[in-house]
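Undergrad: Sharing a model prediction with you, sequence too.
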There are 2 protein chains.
Amino acid sequence: MTSQAQLDHVFGALADATRRAILARLVRGEATVNELVGPFDLKQPTISKHLKVLERAGLVSRGREAQFRPVRLNAAPLAYAAKWIGSYRRLWEDSFDRLDAFLESSQPTPKKGKQNGRKQ
Amino acid sequence: MTSQAQLDHVFGALADATRRAILARLVRGEATVNELVGPFDLKQPTISKHLKVLERAGLVSRGREAQFRPVRLNAAPLAYAAKWIGSYRRLWEDSFDRLDAFLESSQPTPKKGKQNGRKQ
């Protein structure tokens, strides 16, 4: 898989709240599909479909035990996604700095002692 | 928009190589849709469709000038995506450490002076 295709799959897999919640659940340890069905209040085929998307992105893998095939988290592909996003860090930090500067410049100068006026 | 819906939109917008390339182009400065059509070898409706997805995620905004409406990058929503992914950093770093340890333990011990044998 090219790195672009891998990024497509990883970002695509993360673009769904249920799939992100499945990953968050798997941080605590592997789980069977049935164990994942309970907390998510979704039918098994829906969970299986989400797992296929996560598996294609390399974010989970399935055990070989025929009956249960526990699902395990594989966080490594997130490193590539983090690297791509991280290359924009300077840009968003600059935009937050500009926002801070704007908010600071547009606030009225606070009057000293106003908040504790009643106690004075 | 809830933070989950915002993450859905941002990750969904990033799940396409053309959209990531459009963002990379906009780092160099704003561009009209026509200026974006050229380098991507795509038809204008396709670029416009990608821009709508990026706009919904808050990653670009359009100018108000009626005829050209230049497209600008807005990197701020990437901060939320980076924060979400960053919460898994420890996990992927651990998995890389385990891989390093495995590779180190499975390599044969190098024999001293073997590489420069001919010079000895």
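TA: Received it, and whenever you're ready, just let me know what you need. Note that the structure is a prediction, hence the values are computed from the model and not measured.
Undergrad: And the helices in chain A?
TA: Counting by DSSP state H, the segments of chain A that form helices are A:3-14, A:17-26, A:33-40, A:44-56, A:76-86, A:89-106.
Undergrad: dump the residue contacts of the most centrally placed residue in chain A.
TA: Using CA atoms, centre = their mean, the residue of chain A that lies closest to the mean C-alpha position is A:Arg20, 5.7 Å off. A:Arg20 sits next to A:14, B:4, B:7, B:84 when contact means CB atoms under 8 Å, 6 or more residues apart in numbering or on different chains. No exception for glycine: its C-beta is placed from N, CA and C like everyone else's.
Undergrad: Next, format those as CSV and append pLDDT, neighbour count and distance to B:Ser95.
TA: Formatted as CSV, the contacts of A:Arg20 follow (pLDDT from 0 to 100; neighbours: other CB atoms under 10 Å in any protein chain shown; distance: CB to CB, whole Å):
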residue, pLDDT, neighbour count, distance to B:Ser95
A:Leu14, 98, 28, 17
B:Gln4, 94, 14, 26
B:Leu7, 97, 22, 23
B:Trp84, 95, 22, 18
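Undergrad: Give me the neighbour count for A:Met26.
TA: One correction, residue A:26 is Leu, not Met. A:Leu26 sits with 21 neighbouring residues when counted by other CB atoms under 10 Å in any protein chain shown.
Undergrad: Tell me which of the helices of chain A sits nearest to B:Asp100.
TA: Counting by CB to CB, B:Asp100 lies closest to helix A:76-86 out of these; the figure is 12.3 Å.
Undergrad: And the closest one, what does it pack against?
TA: Using 3 or more CB pairs under 8 Å, 6 or more residues apart in numbering or on different chains; DSSP states H and E as the contact test, the elements touching helix A:76-86 are helix A:3-14, helix B:3-14, helix B:76-86, helix B:89-106.
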